[in-house]
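Sequence first, then the predicted structure, then my questions.
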Amino acid sequence: MTDDPGIEAEGLRKRFGATQALDGMTFTVRPGRVTGFVGPNGAGKSTTMRVVLGLDAADQGRALVGGRPYRTLGSPLRHLGSLLDAGALQPGRTARNHLLWLAHSQGLSAGRVDQVLEQVGLAQAARRRTGGFSLGMRQRLGIAAALLGDPPALMLDEPFNGLDPEGIRWIRGLLTSLAAQGRTVLVSSHLMSELQDVADHLIVVGRGRVVTDTGVRELLASLSAGRVTLRTSEPVAAAQVLARVGAVVRGTGADALSVSGLTGEAIVAVLNAGGVPFAELATHRASLEEAYLELTRDDVQYRGTGVEEAAR
Ligand SMILES: Nc1ncnc2c1ncn2[C@@H]1O[C@H](COP(=O)(O)OP(=O)(O)OP(=O)(O)O)[C@@H](O)[C@H]1O
């Protein structure tokens with residue numbers, strides 16, 4: 001699957017009345033990694049996914065799956081598995097019959113239905129009507145449907161919604177293993193924290209277009225670089241002596257400071273010379289949540305594929 005072009009959006013534009021839902025949305029989701037598709041409510045994530053699936057027509061631009069428009073794919077479930085609205089089920093139908101109906105429409109076997117029910121942990125509930133399913137169970141059933149055709153690409157809209165911590169951990173493991181198998185995996189969320197420890201790559205969107213398209217490791221490294229977290233019972237005195245030698249110091253908690261512009265050794269020397277006590281000194285590790293706040297603080301500072309440190 002290495003030369004698989006993944007999922008591509010090229011200059012998508014879509015207007016609903018007065019709302020410009022997509023305003024030049026352009027990105028490529030590559031195989032072999034989990035790509036998070038993040039942005040605030042209304043940023044255009046669901047609309048993009050609907051356009052990729054041919055459920056909404058773009059006013060301009062095009063979307064391709066494995067190099068082809070979704071609508072031109074025969075047995076599309078074999079090319080792209082998707083979870084859009086886990087609530088869209090016929091309540092009187094059992095989980096197994098729901099999947100059998102889907103499988104039949106795509107020429108897939110009943111054996112495959114039982115495999116995916118097992119894979120998502122719904123084997124015991126296979127013969128129960130979906131009307132009585134919790135949101136978490138409906139999400140699992142939606143994911144089973146996405147996996148049915150053993151597709152090389154998956155696109156999941158807010159799959160963490162309604163899941164308890166065990167369910168969230170399960171989806172993270174599933175997404176990681178799907179990507180490790182060489183599949184293309186696009187996962188939307190409006191909560192960056194949900195993507196922590198699972199996304200390898202991020203496409204951050206706002207107002208219908210891409211704000212940043214970056215690797216998670218590079219992003220976190222750029223935010224962590226040269227920053228040291230200092231814990232001290234005397235933050236004011238510490239900030240004064242450190243600022244005097246040119247460090248940039250920010251308060252990050254009652255007894256915590258973030259210091260940049262000096263090495264750890266230099267910070268220790270300055271604090272000792274000034275007689276300022278401190279309890280802990282550690283290299284700063286940025287979280288995805290922190291990265292997201294930096295990225296969305298001023299859209300203009302982040303363009304194309306690069307990530308720049310925000311001016312402080
Ligand atoms: N069918 C529609 N009719 C009218 N407006 C729509 C329609 N679908 C989406 N919109 C509008 O387009 C914009 C983008 O919506 P979209 O659902 O794609 O955003 P999103 O990033 O998925 O948000 P969320 O995180 O809330 O799901 C929003 O302003 C939304 O109100």
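Done, it's in. Numbers count the residues shown, from 1 in each chain.

For the residue in the stretch 101-250 of the chain positioned nearest to the ligand, which residues are in contact?
Nearest residue of the stretch 101-250 of the chain to the ligand, counting by Cβ to the nearest ligand atom: residue 190, 4.1 Å away. From N, CA and C alone the C-beta is placed, and that goes for glycine too. For residue 190, the contact set (Cβ atoms under 8 Å, 6 or more residues apart in numbering) comprises 38-41, 43, 45, 158.

out of the residues you listed, who's nearest residue 30?
residue 38 (16.8 Å; Cβ to Cβ).

Which strand or helix spans residue 272?
Using DSSP states H and E, residue 272 sits in helix 264-274.

following that helix, which helix or strand comes up?
strand 280-283.

following that following strand, which helix or strand comes up?
helix 288-297.

residues making contact with that following helix?
With Cβ under 8 Å, 6+ apart, helix 288-297 has contacts from 38, 40, 192-193, 195-196, 199, 202, 204, 206, 211-212, 216, 219-220, 223, 302, 307, 310.

Buried by neighbour count, from those residues: which ones?
Neighbour counting with 16 or more other Cβ atoms under 10 Å marks 38, 192, 195-196, 199, 202, 204, 206, 211-212, 216, 219-220, 223, 302, 307 as buried within these.

Just those: which are in strands?
38, 202, 204, 206, 211-212 (DSSP state E).

want to throw those into a markdown table with distance to the ligand?
Shown next, in a markdown table, are those (distance: Cβ to the nearest ligand atom, whole Å):
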| residue | distance to the ligand |
| --- | --- |
| 38 | 9 |
| 202 | 14 |
| 204 | 11 |
| 206 | 9 |
| 211 | 12 |
| 212 | 15 |
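
Just give me the closest of those residues to residue 285.
Taking Cβ to Cβ as the measure, residue 285 sits nearest to residue 202 out of these, at 16.8 Å.

which ones are touching the closest one?
35-36, 38, 195, 212-216, 219, 288.

do residue 184 as well
If you count contacts by Cβ under 8 Å, 6+ apart, residue 184 has them with 4, 6-7, 29-32, 35, 152-154.

Show me which residues of the stretch 51-200 of the chain are close to the ligand?
residue 190 (Cβ under 6 Å from any ligand atom).

rewinding a little: so how far is the helix holding residue 272 off the chain centroid?
A distance of 40 Å separates the centroid of the chain from that of helix 264-274, by Cα atoms, centre = their mean, to the nearest Å.

what's the span of stretch 218-230 from first residue to last?
Distance across stretch 218-230, first residue to last, is 23 Å (Cα to Cα, to the nearest Å).

Can you tell me what sits against it?
202, 212, 238, 252, 256-262, 264, 267, 278, 280-288, 290-291, 294-295, 307, 309.

run the last query once more with 7 Å
Applying Cβ atoms under 7 Å, 6 or more residues apart in numbering, the set of residues contacting stretch 218-230 from outside is 202, 238, 252, 256-260, 264, 267, 278, 281-286, 290-291, 294, 307, 309.

filter these to the buried ones?
Applying 16+ other Cβ under 10 Å to these flags 202, 238, 252, 257, 259, 267, 278, 281, 284, 286, 290-291, 294, 307 as buried.

can you put those in a markdown table and add pLDDT?
A markdown table is the format used below for those (pLDDT from 0 to 100):
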| residue | pLDDT |
| --- | --- |
| 202 | 94 |
| 238 | 95 |
| 252 | 84 |
| 257 | 92 |
| 259 | 91 |
| 267 | 93 |
| 278 | 94 |
| 281 | 91 |
| 284 | 80 |
| 286 | 78 |
| 290 | 79 |
| 291 | 79 |
| 294 | 75 |
| 307 | 34 |
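
follow-up on the earlier one: what subset of the contacts of residue 190 is buried?
In the contacts of residue 190, burial by neighbour count holds for 38-39, 43, 45, 158, counting by 16+ other Cβ under 10 Å.

Confidence-wise, which of those comes last?
pLDDT across these is lowest for residue 39, at 87.

That one and residue 47 touch, don't they?
No - contact criterion Cβ atoms under 7 Å: residue 39 and residue 47 do not qualify, at 11.3 Å.
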